[in-house]
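Trainee: Give me the fold of what follows.
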Amino acid sequence: MTLAPPALATATHVDGTIVSAEAWLSDLEVETVRTDAVQSFVKQETIFVRIRTAGGVEGLGYSYTIGTGGGAVLSLLRAGLLEVLVGLDANRPEAVWRALFASTRATTVGAITSLALAAVDTAVWDARCKAAGVPLWMLAGGTRPSIPLYDTEGGWLHFSTDELVAQAVESKARGMNGVKIKVGKPRGHEDFERLAAVREAVGPGMDIMVDANQSMTAAEAIRRAALFESLGIYWFEEPLPAEDVAGHRRLAESTSLPIAVGESIYSIGHFREYLQTGAASIVQVDVARIGGITPWLKVAHLAEAFNVAVAPHFLMELHVSLTCAVPNALYLEHIPQLRAVTCSEMEIVDGHGVAPSAPGLGIEWDLDAVDALRVL
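Mentor: Presented below is the predicted three-dimensional model:
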């Protein structure tokens, strides 16, 4: 007796043709005062893009600045990108991203264009995931349901040593796996003494990361790395300006501390330079600054090919899904910033961020609150 082959399950196709697109800017106040060696986080200029498809699906995406440039990003979107977007298929994010990138050749690679592309690309992925009925972390790879957290909110440069210690101890009590401390005081011994106090308070079992926010020369970074090595520092982040690939390579060759870079890198090719030359031990690619989820995944897989881990910068509410999607994710940075405009918070269990299970990006926006903060 011959049996008929089993019927193949077929997914319901939802027409992803984009029929409308809009963009606006809402300003979010910072949840706490944030300072580092070169700047302060003044406000989060949040650029939103909303698309609707012929299949009746809505996608809402976003990107951000820390105080300046949001209007320029919005102008780029409204002046040309949104009209290119209409008629494209949200079920094909690679095609959408490539079409928009091609229309901005005169301004790529650059921060303004990347931020604009990111706002669109996250909206496209939101719509694509909703149409498929699948959460982002699963559609983008589905490696694990949760990711370890480290806390940055207790480590800002303006905090006293006592404040750093108290907040690191609190983070440890809340189950965080690590804390990040900002460095870049006028003299190296000042940084060392602050870090040593935190290390003594939390013990050897908690990771301590340090972040110089591009404030040093290669010579100074090499000197400070030598100071920090005895403290078991987990990584040394953005020691030099992002364009100084050679300086980062010299630093990486001179120290046992892993060198972390990426939050200020705006192209896949620039990440390739770092990885090919051994100038980066940890990749901190940021969805907004690389131009969206589509290129973010490419950078993550590029890093995997070099056996390098990913620990993205900021945007924990979005990056929780992406770090759970890829196999080489190391950590998620804990900096809450969307509580004023969302109806729920990222779930945290035993010091791990849990990927949302709802289809889409998994961010439950309070659209009335978003609209109340709209400035452009």
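Trainee: C-alpha only now, for contacts and for neighbours.
Mentor: Fine.
Trainee: Please tell me how far the residue positioned nearest the centre of the chain sits from residue 186.
Mentor: The chain has residue 286 as the residue nearest its centroid, 3.3 Å off, counting by Cα atoms, centre = their mean. According to Cα to Cα, to the nearest Å, residue 286 and residue 186 sit 28 Å apart.
Trainee: Going by residue numbers, what spans are strands in this protein?
Mentor: Secondary structure of the chain (DSSP state E): strands located at 18-29, 43-53, 58-65, 146-151, 178-182, 207-211, 235-237, 259-261, 282-283, 309-310, 332-334, 348-349, 352-354.
Trainee: Those strands: which one's closest to residue 163?
Mentor: Relative to residue 163, the nearest member of the strands of the chain by Cα to Cα is strand 178-182, separated by 11.4 Å.
Trainee: Contacts for stretch 181-197, please.
Mentor: Stretch 181-197 is contacted by residues 36-37, 152, 154-157, 161, 164-165, 208-212, 215-216, 224, 227-228, 231 when judged by Cα atoms under 8 Å, 6 or more residues apart in numbering.
Trainee: One more pass at 6 Å, please.
Mentor: 37, 155-157, 161, 210-212 (Cα atoms under 6 Å, 6 or more residues apart in numbering).
Trainee: Kindly report the same for stretch 305-323.
Mentor: By Cα under 6 Å, 6+ apart, the surrounding residues in contact with stretch 305-323 are 137, 263, 282-286, 328-333, 355.
Trainee: now do stretch 199-208
Mentor: For stretch 199-208, contacts defined as Cα under 6 Å, 6+ apart pick out 177-180, 233-234.
Trainee: what's the span of it from first residue to last?
Mentor: Chord length of stretch 199-208, first to last residue, is 8 Å (Cα to Cα).
Trainee: How about it, which residues are buried there?
Mentor: The neighbour-count check on stretch 199-208 (16 or more other Cα atoms under 10 Å) flags 199, 202, 206-208 as buried.
Trainee: Also stretch 50-60?
Mentor: When burial is assessed from 16+ other Cα under 10 Å, stretch 50-60 yields the following buried residues: 50-54, 57-60.
Trainee: per-residue confidence for residue 85?
Mentor: You'll see residue 85 listed with a pLDDT of 97.
Trainee: what's the closest of the strands of the chain to residue 360?
Mentor: Nearest to residue 360, of these and by Cα to Cα, is strand 58-65 at 8.0 Å.
Trainee: Determine how far that closest one lies from the middle of the whole chain.
Mentor: Here the centre of strand 58-65 is set off from its chain's centre by 13 Å, with Cα atoms, centre = their mean, to the nearest Å.
Trainee: Dump it to CSV, restricted to CA.
Mentor: Output in CSV follows, covering the C-alpha atoms of strand 58-65 (Å, rounded to 0.1, in the frame of the first residue of the first chain):
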residue,chain,number,x,y,z
GLU,A,58,1.0,48.4,11.4
GLY,A,59,4.7,48.7,12.3
LEU,A,60,6.2,51.2,14.7
GLY,A,61,9.9,51.7,14.7
TYR,A,62,12.3,54.2,16.3
SER,A,63,15.8,55.5,16.7
TYR,A,64,17.4,58.1,19.0
THR,A,65,19.9,60.8,19.7
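Trainee: List the pairing partners of that strand within its sheet, with orientation.
Mentor: Strand 58-65 has its sheet partners listed here by DSSP bridges as strand 43-53 (antiparallel).
Trainee: what mean pLDDT does the strand it pairs with have?
Mentor: Taken as a whole, strand 43-53 has a mean pLDDT of 97.
Trainee: Quick check: the farthest pair among the buried residues of stretch 50-60?
Mentor: Using Cα to Cα, the buried residues of stretch 50-60 reach their maximum pairwise distance at 54 and 60, which is 15.4 Å.
Trainee: Domains of the protein: list them as residue ranges, please.
Mentor: The chain breaks down into these domains under automatic domain parsing: 18-132, 138-367.
Trainee: Would you map the helices across the stretch 251-376 of the chain?
Mentor: Along the stretch 251-376 of the chain, the stretches classed as helices by DSSP state H, counting those that start in this stretch are 268-276, 287-290, 293-305, 316-325, 367-372.
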